[in-house]
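# Structure of the sequence below:
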Amino acid sequence: MDGTKTVSAAAIATPHAQKYLVQLCKHFQHKRPATWGDDKGKIEFTIGDCDLAAEPSTLHITASATSAENLPQLEDVIARHLLRFAFREELKIEWKRES
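Numbering: from 1, shown residues only. Predicted structure coming up:
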């Protein structure tokens, strides 16, 4: 592996960005390395990393996969868990590839 990553990002409108950031990190810390503070977090997966940043009305997620083939799986794992935690609201998650 040459160390390059395939990256995508999503900006999700929600008044609960900070709460979801903490929930995601706490959930995954049981099986994966995860760190977080009030407005930033990081989860390390075997196929890549997930960086999170919370603003008052937006949750920013950056998925950095170890390969282009792993990116859809990484996005899916993150999105499924976020949607499960946010079942009281309808979140719209649109991933955009970064170059």
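
# Walk me through which strands the helix or strand of the chain with the lowest mean pLDDT pairs with, and which way each runs.
Every helix and strand in the chain was compared by mean pLDDT, DSSP states H and E; the lowest is strand 96-98, with a mean of 90. Under the criterion DSSP bridges, strand 96-98 sits next to strand 6-13 (antiparallel) in its sheet.

# Could I have the CA atoms of the partner strand written out in CSV?
Provided in CSV are the C-alpha atoms of strand 6-13 (Å, rounded to 0.1, in the frame of the first residue of the first chain):
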residue,chain,number,x,y,z
THR,A,6,-9.6,7.9,-0.9
VAL,A,7,-11.6,10.6,0.8
SER,A,8,-15.2,11.7,0.9
ALA,A,9,-17.0,14.1,3.1
ALA,A,10,-20.6,14.9,4.2
ALA,A,11,-22.1,17.9,5.9
ILE,A,12,-25.2,16.9,7.7
ALA,A,13,-27.7,19.5,8.9
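
# Confirm that Ile78 sits in a helix.
Yes: according to DSSP: H, G, I helix; E, B strand; the rest coil, Ile78 belongs to a helix.

# Who are the contact partners of the closest residue to it other than its chain neighbours?
Closest residue to Ile78 apart from its sequence neighbours, by CB to CB, 6 or more residues apart in numbering: Cys50 at 5.4 Å. Where you see a C-beta, it was placed from the backbone N, CA and C, and this is true even at glycine. Going by CB atoms under 8 Å, 6 or more residues apart in numbering, Cys50 touches Leu24, Lys42, Ile43, Ile61, Thr62, Ala63, Ser64, Leu74, Ile78.

# Any idea how many residues pack against the last one?
The local packing of Ile78 (other CB atoms under 10 Å) involves 23 other residues.

# Equivalent analysis for the fifth one, please.
Neighbourhood size, Thr62 [other CB under 10 Å]: 17.

# Figure out how far the helix or strand containing it is from the centre of its chain.
Using DSSP states H and E, the element containing Thr62 is strand 58-65. Relative to its parent chain, strand 58-65 has a centroid offset of 5 Å by CA atoms, centre = their mean, to the nearest Å.

# List the buried residues in that strand.
Leu59, His60, Ile61, Thr62, Ala63, Ser64, Ala65 (16 or more other CB atoms under 10 Å).
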